[in-house]
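In: Structure, please.
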Amino acid sequence: MRSPLLGSLFLSMLVAGGLWSIPEAAAQAAAPFTGDRSPYYFYRGPRDGSDSLISPWRLIINGGFGILQMESRSNRLADVDYANGWRNVWKNLRNPVASIDNLGWWKFFSREIIPISIDSGNAQYWPNYTNHLIGGGMSYRMMREWFRWHGFAHEVPWALATLTVYHLLNETVEMDDKVGWRVDPVADFYIFNVAGVLLFNSDWACQFFSQRLHLTDWSFPSFYDPRRGALENIGQNYMMRLRLGRQTPWYLFYHWGNGGELGATRHLGSGHYVSAGGGFVAKDLLNVDGISETVNLATTFGLFYDRHGSLLTSLLYTQDKQYRWRLNVYPGLARLGPLRPGVTFIVTRNKELMVGLTVASKWLPTGLGARIGHQR
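Out: Predicted structure coming up:
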C-alpha cells in the first residue's frame, strides 16, 4: 500500500511542478541536434557512467529478465520455463476479451488502468504507468536515438522491434510458471506500451520529460555468473528530478524500477549532482486471486552521484532482501589506460560477497561476475 501512495503523490508533484513551469522550460536551450536537425533527448552518446551502457542488448536483458530480481524467483537462466511462459502470454494476447471477461471488466479497469486504489493488492496500475507508459515510452525514444546515433537507417522500426522483443521476453519470463487467464500482458501490450510509444513520439512530451523532469535511464550494470548460470544485479531503472526554484541547487528526486526511492538532489556545480532517497522495493510476488499478483515490500535507501544526468556511482541498502548492500561503480568513473571498467560489489544477507565487472561496449549485453564467498 505504501509504495503506490508515496509514489503517486511524488509523481504528481513532479508532473504538476513541471507543467507549472512550462514557460520556463520553453525558454531553455533546445535539445542537441544532429546534422539532420533531429533532436536527442534521452541518448547523448557513449559518455562516462550509465549512459555508456545504453544499448538495445542491455535494454532487452535488463528489462526482459527484470522479474528475476524477486526473491521468490530463481535468477538462473536455465530455471526459466520459456515454452510455458510464451504459451500463456500468447493465449492471453490473442484472446484479450476472454482474458478480461474471466476477471471482470470493472476489476480490470480498477486494478490495471484507473488509479483509484492505494492498496498494493489492487494497484497493478502503478507499474503500468511508471514502467510501461513513462519508462517504456522513454526507452522507445531512447532506442530511436541510439540507432540514429550509430548510423542505422529507419530508426523507428528498429526501436519498435527492440521494444517488442524486450516486452515479449519480460512477459514470457514473468508468466513461465502461470497457466490460464492473466490480464497483465493485455493491459501492458494493448494499452500502456502503445500509449507510451504514442506519447514519446511527441517532441513536446520528450522536451518536457527530458528538460523539465530530467528523465533518464539509470539501469543497473547487470552481470552474468557463469559458474551458477545466474543473472545478477539485473534491473531496468529510471530517474526524474524537478528543480525547486530557478536559483536553488535543490531538486525533488525520484528513482524507480522494481521499487522506488523518494528524496532530494543537490547540484554541486559544473553538472555534478548528489541524490539521496528512501522508499520501498518489491521483494516477493504474491497471488491475489489466482489471476492477478501483487508484491510485498522491503525498505530501501540509496545514495547516487551523477554528472550531467549520467550515473557514475550508487550505493543502495535494502532491508530484508538477499542483496543487502550494493555498490555500483559505472564505467568511466575510473580509467585503466584506454579501458573504462565498471565494478559492482554486493554483500548478501548471508554475508557473501559478489563482484561483477562491466565494460562500456555497445555490443556486450551484460558483464561477468562471481560469488566470492563468506565474509569473516
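
In: which one is residue 302 nearest to, not counting chain neighbours?
Out: Sequence neighbours aside, residue 316 is the residue nearest to residue 302 in space, at 4.4 Å (criterion: Cβ to Cβ, 6 or more residues apart in numbering). The way it works is simple: take the backbone N, C-alpha and C, and place the C-beta from them, glycine included.

In: same deal with residue 334?
Out: Spatially, and ignoring its direct neighbours in sequence, residue 334 is nearest to residue 341 (7.3 Å; Cβ to Cβ, 6+ apart).

In: Can you get me a residue count around the one you found?
Out: By other Cβ atoms under 10 Å, the residues close to residue 341 number 17.

In: State the next helix or strand along the chain beyond the helix or strand of the chain with the lowest mean pLDDT.
Out: Ranked by mean pLDDT, DSSP states H and E, the weakest helix or strand in the chain is helix 22-27, scoring a mean of 41. As assigned by DSSP states H and E, the chain's next helix or strand after helix 22-27 is helix 56-64.

In: residues of that next one that come out buried?
Out: By 16 or more other Cβ atoms under 10 Å, the buried positions in helix 56-64 come out as 56, 58, 59, 60, 61, 62, 63, 64.

In: what residues are up against the third one?
Out: Under the criterion of Cβ atoms under 8 Å, 6 or more residues apart in numbering, the contact list for residue 59 reads 139, 143, 162, 166, 219, 236.

In: what about the residue nearest to residue 334, distance to residue 38?
Out: 32 Å (Cβ to Cβ, to the nearest Å).

In: Scan the contacts of residue 59 and report the most crowded one.
Out: Ranking the contacts of residue 59 using other Cβ under 10 Å puts residue 139 first, with 31 neighbours.

In: Confirm that that residue lies within a strand, as I assumed.
Out: No. Secondary structure of residue 139 (DSSP: H, G, I helix; E, B strand; the rest coil): helix, not part of a strand.

In: Next one, pLDDT for it please.
Out: Residue 139 carries a pLDDT value of 98.

In: hang on, isn't it packed against residue 219?
Out: No. In this structure, residue 139 is not within contact of residue 219 by Cβ atoms under 8 Å, at 9.6 Å.

In: Now do the shared contacts for the two.
Out: In terms of Cβ under 8 Å, 6+ apart, residue 139 and residue 219 are both contacted by the residues 59, 236.

In: sorry, back to before: so which of the contacts of residue 59 sit within helices?
Out: Per DSSP state H, helices hold the following members of these: 139, 143, 162, 166.

In: mind giving me TSV with those residues and columns for distance to residue 97?
Out: Output for these, formatted as TSV (distance: Cβ to Cβ, whole Å):
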residue	distance to residue 97
139	28
143	31
162	29
166	26
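
In: quick check, nearest of these to residue 243?
Out: residue 139 (24.1 Å; Cβ to Cβ).

In: Show the contacting residues for that closest one.
Out: Listed by Cβ under 8 Å, 6+ apart, the contact partners of residue 139 are 59, 63, 163, 166, 217, 236.

In: right, and the last one touches residue 62 too?
Out: Yes. Between residue 236 and residue 62 there is a contact at 4.5 Å, judged by Cβ under 8 Å.

In: any idea how far residue 355 is from the residue nearest to residue 334?
Out: Separation of residue 341 from residue 355 (Cβ to Cβ) stands at 12 Å.

In: Residue 147 too?
Out: Distance, residue 147 to residue 355, by Cβ to Cβ: 33 Å.

In: which one of these two has more residues nearby?
Out: residue 147 (21 against 16).
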